[in-house]
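Visitor: sequence first, then the predicted structure:
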Amino acid sequence: MGKIKRMDQVRLILRTYQRCGSFKETARRLKMSKNTIKHYVKIAHRSSTDLDKILALEYKDFDVLFNHSSGSEEVFLEQEFFSKVPYWLKELRSPGVSRQLIWEEYRKGNAKGYSYSRFCAKLKRYLRSKDLTLALKHEPGDTLQIDFAGKKLSWVDPKTGEVTLCEVLVTVCPFSHYCFAIALPSQKVTDFIYGINQAFLFLGKLPKKILSDNLKSYVTTSDRYEPKFNELCVQLADHYNLELQATRPRKPKDKASVENAVRIVYQRIYAPLRNEVFHSIEEINRAIVDQLSIHNQIPFQKKEGCRKELFEQYEKPLMADLPNELFELKKSTKAKVQRNYHVFLGEEKNYYSVPHQYVGKQAIVFYNRTLVEIYIDRTRVAVHKRLAHRNSNVYQTHDKHLPKNHEQWKASQGYDGAYFIDQAAKVGEATKWLIQQVLIAKIYEAQTYNSCSGILHLAKRYSPQRVEKAALRCKKVGKGNYPMMKKILEKNLDQVEEALILKIPTHDNIRGPQAYQ
C-alpha cells in the first residue's frame, strides 16, 4: 500500500469513491493503486456505510479513525461473526426467519458490526465452503419433489424364468434431502398414485406441495405458466388438500434436489443390490426400504446431522397430518359373464372367474392397481388379486367358482371339450389336432373355450380349407393356438407353396463310393 496517506488525501479518496462508486475508477482518477483505495474505504465502512458521516468528522476524529485503527478490530469482527454462524443457521431453518432479521438482531448487539451486504457476503462464502446453500433455498415441510429414475430394476418369475422390468419412483424433501424410493410395475397413473401414497406413508405427514416435471401420468398439457394436470392427480391433491406444481419445460434445475436424489439412489440402492436376484416386486421394495434406512441416517460430510434428523427436527413438525383414509383410485367397467364363467377385463385383456351359476349375467367390475371386485345385481360375487404382470389372455380362476359336477355342467352349457373336437374334425384332421392341443394348454379346460371358439370361427370367415392348411402348418412345427392361426390366415401364409426339396437324380457320370476306396 505504501506510505500512510495524509488526511486530506484520504478525504479526497473517499469523495472520489463516493462520486464514481468504483475502486478501479477511483484509482485511475487519483493515480493510486486499487488496494490503497480499498484499504481506506474499508476502514470507513467499518465505522459506517454512510460516507457523508465520515467526511463530516473533525480532523482529530478523522485521524484517529484512519491512523490509529488496528487490524485487530477486523480480526475481532470476523471471530465474533463466525462464532455465531451455527446459531444463525439453526435459526434460519425456522419458518419466516430471514437473513435480514438475523442481521438486524446482530447489529443490535454490535453497532460496529458488518453491514447487511457484507454480512450476507460472508455468510454466503461460509455456506459455500460447507455446502449448505440448499438449506436456505427451501422452506422446511413445504415441497415434495418427485421423479422416475431413468434406469429400471427387474425381478424374475421363479416358475417361468420370465424377467419383468419395473420403474422406480424417487421422492425427496428438498430442505432435509430425506429420500424415498419405490419400485412400481409402470409409470401409469394408477401406479404413480400408489407410489405417492406410499411416499406419504413413509413420511408419516403431508407436504404443502408436490413438484414434478411433465410426466405423462402427472401433467396432460405442459406449459410454463399454467400446466394442466391429470384429472386423477387433481383428485389426489383435493383429497390431501395440497398444491400441484410442475417444473418449466426443459428446466431440470427447477427440481435439482430430486435429480440429485436419483443419482444417489443409483449409488446407494441400485449399486448394493446389483448382484441380487429378486422373485417379485415386493422383494425389491423390501430391499429398497433397507437401503433407504441406511442412506437417510448417513451423517452429512460438511455439516452436522443426517437427513432423517433434519426431517424429524425441522420438517415433520410443520407438515400436515395424513387423513384417516388414503386416496384410492378405482375404475369400473361392464362385462358379461362368459360361458367359461369368467369376465373379461378389457384394459389388460385378462380373465377373472365368478361362480359358475352367474354365466350369462351382466356384471360390473371395479378395479384398482391391486384388486378386482366383480358385482352382479349389486352384490359382490368375486374378489381377485389383480394380475401384476399385465400379460394378455391370462386367466385368474378360483377353485370355489368351479361347479361340483363339472362334466354335467359343461354339458348343460351346450358344449365341452368333446364338442370342440367334434366340430374341428369336420374341418379336418389337422384342425382336430390343433383343438386338442389348445384344450390341454390351460389348467382348467373351460379357460380354453374362447380360443377354441375363435379357431372354429376362422373357418367361417376364411373357409374350412384355408383353416385346415393353416392348422397343418402349426402341426408341422408342433405347436399352435388362436393367435398363430389368425396371423397365418391374415398374412395368407397358408397359401404359400411348400419350399421345393431338391434331390440330385442318379446319373451315370456320378461316381459311387467305390471310386474313393
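Guide: Arrived safely, thanks for sending.
Visitor: give the next helix or strand downstream of the lowest-mean-pLDDT helix or strand in the chain.
Guide: Within the chain, no helix or strand scores below helix 406-412, which has a mean of 53 by mean pLDDT, DSSP states H and E. Next along the chain after helix 406-412, taking DSSP states H and E as the criterion, comes helix 417-427.
Visitor: so how far is that next one off the chain centroid?
Guide: For helix 417-427, the separation from the chain centroid amounts to 51 Å (computed by C-alpha atoms, centre = their mean, to the nearest Å).
Visitor: run through who's touching that helix.
Guide: Contacts to helix 417-427, defined as C-beta atoms under 8 Å, 6 or more residues apart in numbering, come from residues 410, 431-432, 434-436, 439, 445, 449, 452-453, 455-456, 459, 464, 467-468, 471. For every residue, glycine as well, the C-beta is placed using N, CA and C.
Visitor: may I see the ChimeraX selection of the buried members of these?
Guide: A single ChimeraX command is used to select the members of those judged buried by 16 or more other C-beta atoms under 10 Å:
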select :410,431,432,434,435,439,445,449,452,453,455,456,459,467,468,471
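Visitor: give me the element S453 is part of.
Guide: helix 449-462.
Visitor: just the C-alpha atoms of that helix, please, in PDB.
Guide: Output of helix 449-462 as PDB, limited to C-alpha atoms (Å, rounded to 0.1, in the frame of the first residue of the first chain):
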ATOM      1  CA  TYR A 449     -63.200 -72.500 -24.800                       C
ATOM      2  CA  ASN A 450     -62.900 -68.900 -26.100                       C
ATOM      3  CA  SER A 451     -59.700 -69.900 -28.100                       C
ATOM      4  CA  CYS A 452     -61.500 -73.000 -29.500                       C
ATOM      5  CA  SER A 453     -64.500 -70.900 -30.500                       C
ATOM      6  CA  GLY A 454     -62.200 -68.400 -32.100                       C
ATOM      7  CA  ILE A 455     -60.400 -71.100 -34.200                       C
ATOM      8  CA  LEU A 456     -63.700 -72.500 -35.400                       C
ATOM      9  CA  HIS A 457     -65.000 -69.100 -36.200                       C
ATOM     10  CA  LEU A 458     -62.000 -68.600 -38.500                       C
ATOM     11  CA  ALA A 459     -63.300 -71.500 -40.700                       C
ATOM     12  CA  LYS A 460     -66.500 -69.400 -41.300                       C
ATOM     13  CA  ARG A 461     -64.500 -66.200 -42.000                       C
ATOM     14  CA  TYR A 462     -61.800 -67.700 -44.300                       C
END
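Visitor: name the residues that touch it?
Guide: 338-340, 415, 420, 423-424, 427, 431, 434-435, 438-439, 441, 467, 470, 481-482, 485-486, 489.
Visitor: one more pass at 7 Å, please.
Guide: With C-beta atoms under 7 Å, 6 or more residues apart in numbering as the test, helix 449-462 has contacts from 338-340, 420, 423-424, 427, 434-435, 438-439, 467, 481-482, 485-486, 489.
Visitor: also stretch 366-378?
Guide: Contacts of stretch 366-378 (C-beta under 7 Å, 6+ apart): 190-191, 194, 328-332, 343, 345, 352, 354, 358, 361, 363-365, 380-386.
Visitor: tally of neighbours for Y351?
Guide: For Y351, the count of nearby residues is 21 (other C-beta atoms under 10 Å).
Visitor: low pLDDT regions in the stretch 401-517 of the chain?
Guide: By pLDDT under 70, the weakly predicted segments of the stretch 401-517 of the chain are 405-415, 443-444, 497-517.
Visitor: ok, 50 please
Guide: Applying pLDDT under 50 to the stretch 401-517 of the chain picks out residues 412, 499-503.
Visitor: contacting residues around D8?
Guide: Here D8 is in contact with no residue (C-beta under 7 Å, 6+ apart).
Visitor: can you confirm it is in a helix?
Guide: Yes - with DSSP: H, G, I helix; E, B strand; the rest coil as the criterion, D8 is part of a helix.
Visitor: and it, what pLDDT?
Guide: Predicted confidence (pLDDT) for D8: 73.
Visitor: any idea how far it lies from H39?
Guide: 17 Å (C-beta to C-beta, to the nearest Å).
Visitor: next: G346.
Guide: G346 is 81 Å from H39, by C-beta to C-beta.
Visitor: these two - which one has more neighbours?
Guide: For the pair G346 and H39, the greater number of neighbours falls to H39 (17 against 11), based on other C-beta under 10 Å.
Visitor: okay, and that one sits in which element?
Guide: helix 34-47.
Visitor: so which elements touch that helix?
Guide: helix 7-20, helix 23-30, helix 51-55, helix 59-67 (3 or more C-beta pairs under 7 Å, 6 or more residues apart in numbering; DSSP states H and E).
Visitor: returning to that earlier point: of the contacts of stretch 366-378, keep whichever come out buried.
Guide: Buried, going by 16+ other C-beta under 10 Å: 190-191, 194, 329, 343, 345, 352, 354, 358, 363-365, 381-382, 384, 386, out of those.
Visitor: show me what contacts the closest residue to I269 other than its chain neighbours?
Guide: Spatial nearest neighbour of I269, chain neighbours left out: Q291 (4.5 Å); criterion: C-beta to C-beta, 6 or more residues apart in numbering. Q291 makes contacts with R268, I269, P272, L273, as judged by C-beta under 7 Å, 6+ apart.
Visitor: just give me the longest strand of the chain.
Guide: strand 163-173 (DSSP state E).
Visitor: extract the CA atoms of that one and return them as CSV.
Guide: Below are the C-alpha coordinates for strand 163-173, written out as CSV (Å, rounded to 0.1, in the frame of the first residue of the first chain):
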residue,chain,number,x,y,z
VAL,A,163,-37.7,-61.2,-16.4
THR,A,164,-40.0,-58.3,-15.7
LEU,A,165,-38.7,-54.7,-15.6
CYS,A,166,-40.1,-52.2,-13.1
GLU,A,167,-40.0,-48.4,-12.8
VAL,A,168,-38.6,-46.7,-9.7
LEU,A,169,-40.3,-43.6,-8.3
VAL,A,170,-38.0,-41.3,-6.2
THR,A,171,-39.2,-38.6,-3.9
VAL,A,172,-37.2,-36.1,-1.7
CYS,A,173,-37.9,-33.3,0.7
